Structure formats: structure tokens, C-alpha cells
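Trainee: predicted coordinates and the sequence they were generated for:
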Amino acid sequence: MSPTNRQLQDWINKCLQGSRKHHRLLFEAFYSDGMNIACRYSRNEEEAKEILSNAFIKAFKNLQSFNTSLPFMPWFRTIIIHSSSDYYRYDHPMVKDEIGNGGMDIADTAGTLDQLQYEDILRLLQQLPDIQRTVFNLYEIEGYKHGEIAQMLGIMEGTSKSCLSRAKATLRQLIEQLNSFE
């Protein structure tokens, strides 16, 4: 259950005063939504938990910069995305082989993805190589531009475009395989 704006302001103020109880309340209130986001950027639940834990640590360290007149989740979503990017860039560098050479134009997979359940989509995304999954999420789901993605991940803009194209191609193949089993 999400806290009201008034509760959230109170919790944040108490967190800033060092209240462990209110840290726990914030954690419990935003864990589920945060985990949904982290799962989209990770290969498995363990990585998602690590990414989310890092995001909560960053959020708690930077609570004083949060504007309590704005919604909390968009601010926290940004922290989760950056934590995911940091996780793969610094803690688990992306393998060059995952990037590949060039790309090919692939028709949009959005129409097909709309027919799948959330859990199916999540499993498909988790099968993508790290960089492809990250670029796909940032571009297609979060709405970042290729230039922003390139800067965030420390790659070239063309590499971002290529990774998105390859991610779509891989997703298309995975969806076709999934449909052939039904």
C-alpha cells in the first residue's frame, strides 16, 4: 500500500532524522514496485534484489535532495535505473560479444508483446544479453533517447541503436519459439 503524500513527507522527515523504523516503512512501501522495475533490468531475481538494494541505499543517502511536493516513485525509478546501469557497467561489465557488429532493422515487437502476460515478457527480457536488455528497457519502456542511453552506459550512440535492433530480433525469435509451443 502506497503512503499518502502527508505520510510520505512524515516518513522522509523521520528518515532524515535517522529513524530506522521509517526507513523500513519506506522500504516496505516501495519494494514491490521497485522490484518490478529491477526485474526488467536483470537476468534473474538475485540480480534484481542486488540492484534494488543498491537503489534503496542510494535513495536513503540522497533523501535530502528529494522534493516532497513531487511523487516519490518517479524519483526512485530513476535511481533504480541508474543502479542497474552501474551494476552492469562497474560490478558486472558487459561483454563485448553481446554488442556484436552492426544491426538489422526489425519490425516493432510491441504488438506481439501486448498479447503476452507480464511474467512471460519478464522471462523473455531476462533471456536477452545484459546490454540488449538494458538498452531495450531504457529505450522502449523508459523512453530514453539513444544519445542519453549511450551516455548513461558509456557506449556509442550507434551501439545503442544496434543493441536495440538486436534485442528486438532476439525477442521476436523468442516469441516465435514460445508461440510454436502453444
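Mentor: Received, thanks. Residues are numbered from 1 along each chain as shown.

Trainee: residue boundaries of the helices in this protein?
Mentor: Applying DSSP state H to the chain gives helices spanning 5-16, 20-41, 45-61, 72-86, 96-99, 110-114, 118-126, 130-136, 146-153, 157-181.

Trainee: avg pLDDT for the shortest one?
Mentor: Mean pLDDT, computed over helix 96-99, is 39.

Trainee: with stretch 31-41 instead?
Mentor: 94.

Trainee: quick one: least confident helix or strand in this protein?
Mentor: helix 96-99 (a mean of 39; mean pLDDT, DSSP states H and E).

Trainee: quick one: the residue nearest to L26 when sequence neighbours are not counted from I79, how far?
Mentor: Excluding the flanking residues, the one nearest L26 by C-beta to C-beta, 6 or more residues apart in numbering is W11, at 5.4 Å. For every residue, glycine as well, the C-beta is placed using N, CA and C. Computed with C-beta to C-beta, to the nearest Å, the distance linking W11 and I79 is 16 Å.

Trainee: show me which positions of stretch 16-31 end up buried.
Mentor: Within stretch 16-31, the residues scored as buried using 16 or more other C-beta atoms under 10 Å are H22, H23, L25, L26, F27, A29, F30.
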